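Trainee: 3D model of this:
(one chain, ligands or ions: 4)
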Amino acid sequence: MTYAVKECFLTLQGEGAQTGSRAVFLRFAGCNLWSGREQDRDTAQCRFCDTDFVGTDGLNGGKFADAATLANRVEEIWDGGPDHRLVVITGGEPMLQLDSALVDALHARGFRIAAESNGTLPATPGIDWLCISPKAGTEVVQRTGDELKLVWPQAGIDPATLENWDFRHFLVQPMDGPEGTVEASIALAMARPRWRLSLQAHKVVGLA
Ligand SMILES: C[S@@+](CC[C@H](N)C(=O)[O-])C[C@H]1O[C@@H](n2cnc3c(N)ncnc32)[C@H](O)[C@@H]1O
Ligand SMILES: Nc1nc2[nH]cc(C(=O)O)c2c(=O)[nH]1
Ligand code: SF4
Ligand SMILES: [Mg+2]
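Mentor: Numbers count the residues shown, from 1 in each chain. Ligands and ions are numbered 1, 2, ... in the order given. Purely as a prediction, here's the structure:
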């Protein structure tokens with residue numbers, strides 16, 4: 001199948017339990033919870049998004065005709081040896097496009113595959129590190145994974161109800177933007193020790 005890629009770049013993972021790891025970020029275009037247009041934000045299912053995922057005009061973006069072509073580009077962007085290869089597949093919503101052909105092509109090139117998803121679509125099998133970030137008012141069908149990353153505060157979500165979902169790590173991440181406060185996330189981590197604070201480290205140090 002053809003993949004629509006917004007951008008693809010080398011950086012350090014800035015969020016979650018793998019913060020600090022060198023990784024190729026593969027950002028797919030499009031999301032099922034927001035069109036990505038500012039005029040639609042107030043009526044979208046997800047209203048706090050910090051990301052431009054519209055179109056294919058970003059760094060190394062474009063339409064990729066097949067899995068091998070896209071995986072080869074990821075390998076070029078890694079620009080390093082065969083060890084500790086990590087690709088973080090994000091978006092937009094990656095489960096709209098990530099398929100087993102791409103999982104296999106990346107694994108064949110030695111990559112460990114991490115993915116960031118809103119959990120409203122079942123995760124593609126074969127992902128090595130799955131991060132699910134629930135959005136208030138949506139039906140999260142993917143309730144197993146490696147890390148649950150709750151952007152906070154979000155009216156309509158009670159963190160206590162998430163704690164029996166099957167994740168190894170529970171992370172609370174301050175919402176960036178006009179309504180965000182770091183204090184609310186600190187308060188949650190202090191009140192409920194299951195949760196750890198995830199700061200968006202890339203924004204602190206000025207990485208992409
Ligand atoms: C841009 S999303 C793409 C992946 C997927 N659509 C999702 O929502 O998980 C990547 C991560 O950024 C988080 N995020 C989005 N907007 C944010 C904001 N304003 N502040 C903090 N985290 C945010 C999301 O919750 C998700 O964990
Ligand atoms: N450095 C860096 N780390 C990230 N972790 C998750 C990101 C995302 O947008 O999905 C992201 C991102 O955009 N940049
Ligand atoms: S689900 Fe993810 S990509 Fe989609 S609008 Fe929300 S944060 Fe952005
Ligand atoms: Mg981001």
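Trainee: need the contact list for residue 6.
Mentor: For residue 6, the contacting residues are 27-29, 52-58, 61, 91-92, taking CB atoms under 8 Å, 6 or more residues apart in numbering as the criterion. No exception for glycine: its C-beta is placed from N, CA and C like everyone else's.
Trainee: what bridges to the residue nearest the centre of the chain?
Mentor: Nearest to the centroid of the C-alpha atoms of the chain, with distances taken as CA atoms, centre = their mean, sits residue 116, at 2.5 Å. On DSSP bridges, the residues paired with residue 116 through beta bridges are residue 131.
Trainee: near ligand 2 at all, the longest helix seen in the chain?
Mentor: Across the chain, the longest stretch assigned as helix under DSSP state H is helix 67-78. No - legend: contact between helix 67-78 and ligand 2 by CB under 6 Å from any ligand atom is lacking; minimum distance shown is 13.8 Å.
Trainee: now the helix or strand bottoming out on mean pLDDT in the chain: buried residues?
Mentor: Using mean pLDDT, DSSP states H and E, the weakest-scoring helix or strand in the chain turns out to be helix 201-205, at a mean of 95. Neighbour counts over helix 201-205 (16 or more other CB atoms under 10 Å) mark residue 202 as buried.
Trainee: ok, is that helix in contact with ligand 2 or not?
Mentor: Yes - when contact is scored as CB under 6 Å from any ligand atom, part of helix 201-205 falls within range of ligand 2: residue 202.
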